[in-house]
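J.: return atomic coordinates for the entry below.
(2 chains)
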Amino acid sequence: MFDLLKDFWLLFGRLFPFPTRPGLRKAGNPDRSSPVLVTCNFELTVRKVIQALERDHIDAWVLVAPTKGINVWCAAGGGHFTTDTVVSILKTSGIENLVDHRRIILPQLSAVGVNIWALKDRTGWTPHFGPVDINHLAAYLTGGEYRAERRHRRVEFPLKERFIMGTNLAFNSLVFLIVPFLVASIWVTGLWWKSIALLFLLGVLNSVLVLWLPGNPGVRKGFSLGLLASAVFVVMAQTAWTMEPAATLGWTGWIVLLSTYLGYDMPSWSPLWRADVKELVTGVKHTHVEVVPERCIGCGLCTIVCPASVFELNPEMKISRVVHLEACQACGACIENCPKEAIDNNFRAGVCSCPTCTVINSVKSHKRKDAERNGGETEPVAAAGCCESGDCESGEIECSQHQWIPDNVI
Amino acid sequence: MSTLVYMRMLEQTPTKYDRGMRILTFGCIDRIKREIASTWIEPGQDVLEIGCGTGSLAALMTRRGARVLGIDISENMLAAARSNAPDAEFIHMTATEINKLGEDRFDRIVATLSFSELSEDELDLVLRVSSVLLKRRGKLVVADEVPPSRWWRRVLARLVRWPLASLTFLLTQNTTRALKMYDIRVERAGFRIVHHKVHLLGTLALIVAENTNDS
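T.: Coordinates of the predicted model:
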């Protein structure tokens, strides 16, 4: 009974933290050479990760980091899945006594909060960013190279997830709308339960059809769906149900209103678009990221951490450049991990812009943090690609991580 | 709308933290901090504060004449602490990394409402390392939320706490958890509890433990 309730809550209440005990878990029968993965301590995520690993017959150590029961992306954006969190779980899990290697695989989306340069510095472990989706881990591990295909580094929004997010969208909107629904039912009998049914239907439709609805994501898509749905409704009401014209008109307006409201909230439930509410708060209308060519050393880390494939590495120039600015979600992963602060942006200082929410946090101040730890001097970070380019051997760049090149994109 | 709510849930600021803790403890935490600084800290002592927060206790301790090193993982908190307690030193560090600070170095290790933020494994590690960091007969001073020992107090505490915690969370996006089995954990790490006083129906405890390990 309790399990059923829990699953029900995890289905609809994904917005809320749901912690499970942090610590070390095993998938299959890991040995001293098995890969070490890190994940959050959101109960559902941990369960899915272990399931996926066991299904693909991957023997691995899974470090469940203390992220306050929040999922990877939100926790990283909100300052609960940071370099500190990974440092802590590495220390407390005792994993260093269980494996002979020193490589850990982080979820790609944790790049918003985890700086792999600082992490390597503080722990001696070599971090790698795995694919976005745990289901692509088997491909990532093939050949022991820890390389993900470019398409596995992109966040997607498939039908199943759109459906689940649609139900969540409706459920969470209901929290705000239930009181108005009940009050309105004083005048219109039965309005509340009909509205709840309508809310779930429109919520799911808004989410499932979001890729195809006309207009920009947000209010416009919601409004389009409202018009479409009310057109269907009018036909049904006049032919099959023989509803009064006045009542039909009332319900038509109600459908458009509810759908527009849901549409407004929809982008924040998607991993593809920034939330409208965030633009209201930050006042930053258009995202702007730019690679400063003089500072870029072509390590390619931005092309790895970006969940929207905004960057592309020019192998001849050994420099990264922005190719899909329109896809940028302002998550800040590239800024967090760029070793040379070579990414210029207009994100407001201190405001994280993870695609689902806006969080005031300190994520973007890691550079400052490192500087303070080293007595005011920003430690020169070696070029990750410098070993490949030979720059470090020619003495052009001082390379402290001579052996370490982050996993590159195929 | 729901996004806005989630946004607020994740948003934390130093001023809101202090306000939240004051509401949750009925102002008791401020009294305990003053007691720690006046009773358990001597002038000239080396003090490590784990989870210094806004630096309110660090300020009291430096005023008392102690040399204070505060650590925290929140950059916002550290910035607030630096301005509230200019005479103390503050660094960004997780509690699990304190072994980097050396051995036999501190007379006191102080933690108020921060141990309960740690996971159980983290707490055990921090307590073990604390006994190495402390000088012989050095003291660990912990003030934190605890589950009351008597059953009727536990029930009462729950009844009062739940609405209060919800309200505090709505207003300030902060909450605390109770530190479970703290006495056993502290003793297992090599400490002897020398002072134990509870406040607020036994929900808030001040524990002072002496390091018995010979290093």
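J.: how close does A:Ala330 get to A:Asn206?
T.: 23 Å (Cβ to Cβ, to the nearest Å). Any C-beta I mention is one placed from the backbone N, CA and C, and that applies to glycine too.
J.: more crowded one of those two?
T.: A:Asn206 (31 against 25; other Cβ atoms under 10 Å in any protein chain shown).
J.: reduced to three states, what does that one come out as?
T.: helix (DSSP: H, G, I helix; E, B strand; the rest coil).
J.: is it in contact with A:Asn168, as I believe?
T.: No. A:Asn206 is beyond contact range of A:Asn168, at 11.6 Å (criterion: Cβ atoms under 8 Å).
J.: and the biggest strand by length in chain B, what's its mean pLDDT?
T.: If you go by DSSP state E, chain B has its longest strand at strand B:134-145. For strand B:134-145, mean pLDDT is 91.
J.: counting neighbours, what do you get for A:Glu145?
T.: 12.
J.: backbone dihedrals for it, please?
T.: phi -90, psi -20 (degrees, to the nearest 10).
J.: hang on, isn't B:Arg128 packed against B:Ala189?
T.: Yes. Counting by Cβ under 8 Å, B:Arg128 does reach B:Ala189; the two are 5.1 Å apart.
J.: which of these two has more neighbours?
T.: Using other Cβ under 10 Å as the criterion, B:Arg128 and B:Ala189 rank with B:Ala189 on top: 22 against 15.
J.: packing partners of the host helix or strand of A:Ser320?
T.: Assigned by DSSP states H and E, A:Ser320 belongs to strand A:319-322. Applying 3 or more Cβ pairs under 8 Å, 6 or more residues apart in numbering or on different chains; DSSP states H and E, we find strand A:319-322 packed against strand A:289-291, strand A:311-314.
J.: what about 10 Å?
T.: strand A:289-291, helix A:301-305, strand A:311-314, strand A:343-345 (3 or more Cβ pairs under 10 Å, 6 or more residues apart in numbering or on different chains; DSSP states H and E).
J.: does stretch A:187-197 come close to chain B?
T.: No. Using Cβ under 10 Å from any Cβ of the partner chain, stretch A:187-197 stays clear of chain B, coming no nearer than 15.7 Å.
J.: one step back: what touches both of A:Asn206 and A:Asn168?
T.: The contact sets of A:Asn206 and A:Asn168 overlap at A:Trp269 (Cβ atoms under 10 Å, 6 or more residues apart in numbering or on different chains).
J.: now the residue most central in space within chain B. Nearest residue, chain neighbours left out?
T.: In chain B, the residue lying closest to the centroid (Cα atoms, centre = their mean) is B:Thr112, at 1.8 Å. Counting by Cβ to Cβ, 6 or more residues apart in numbering or on different chains, B:Thr112 lies nearest to B:Ala143, which is 4.4 Å off, once chain neighbours are set aside.
J.: and the one you found, what does it touch?
T.: Counting by Cβ under 10 Å, 6+ apart, B:Ala143 has contacts B:25, B:28-29, B:32-33, B:35-36, B:57, B:110-115, B:197, B:199, B:204-208.
J.: A:Gly79: how many residues sit nearby?
T.: Neighbours around A:Gly79, by other Cβ under 10 Å: 26.
J.: er, A:Ala139 actually
T.: The burial count for A:Ala139: 14, using other Cβ under 10 Å.
J.: touching, it and A:Glu149? I think so.
T.: Yes. Using Cβ atoms under 10 Å, A:Ala139 is in contact with A:Glu149, at 6.9 Å.
J.: any chance you could map the strands in chain A?
T.: A:23-27, A:36-39, A:60-64, A:103-106, A:126-129, A:289-291, A:311-314, A:319-322, A:343-345, A:351-352, A:359-360.
J.: cool, chain B as well?
T.: Using DSSP E, strands in chain B cover B:46-50, B:67-72, B:89-92, B:106-112, B:134-145, B:191-199, B:204-211.
J.: rewinding a little: what's the most buried one of the helices and strands packed on strand A:319-322?
T.: helix A:301-305 (a mean of 25; mean count of other Cβ atoms under 10 Å in any protein chain shown).
J.: shared neighbours of A:Ala139 and A:Glu149, anything?
T.: A:Pro131.
J.: name the strands paired with the strand holding A:Ser320 and say parallel or antiparallel.
T.: strand A:311-314 (antiparallel) (DSSP bridges).
J.: what's next to the strand it pairs with, contact-wise?
T.: Outside strand A:311-314, the residues touching it (Cβ under 10 Å, 6+ apart) are A:150, A:289, A:291, A:296, A:298-306, A:319-325, A:328, A:334, A:343, A:385, A:408-409.
J.: stretch A:289-296 now?
T.: By Cβ under 10 Å, 6+ apart, stretch A:289-296 touches A:298, A:302, A:306, A:310-311, A:313-314, A:317-322, A:325, A:328, A:330, A:332, A:334-335, A:338-347, A:383, A:385.
J.: ok, 8 Å please
T.: Stretch A:289-296 is contacted from outside by A:302, A:310-311, A:319-322, A:325, A:328, A:330, A:334-335, A:340-345, using Cβ atoms under 8 Å, 6 or more residues apart in numbering or on different chains.
J.: how far does stretch A:11-29 stretch from one end to the other?
T.: Using Cα to Cα, to the nearest Å, one end of stretch A:11-29 lies 30 Å from the other.
J.: could I get the strands of chain B as CSV with distance to A:Arg14?
T.: Conversion of those to CSV gives the following (distance: least, Cβ to Cβ, whole Å):
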stretch, distance to A:Arg14
strand B:46-50, 33
strand B:67-72, 30
strand B:89-92, 32
strand B:106-112, 33
strand B:134-145, 28
strand B:191-199, 38
strand B:204-211, 34
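J.: to A:Thr248, which of the ones you listed lies closest?
T.: With Cβ to Cβ as the criterion, A:Thr248 lies closest to strand B:134-145 of those, at 57.5 Å.
J.: might you report the residue contacts of A:Cys302?
T.: A:Val291, A:Val310, A:Phe311, A:Ser320, A:Cys334, A:Asn337, A:Cys338, A:Ile343.
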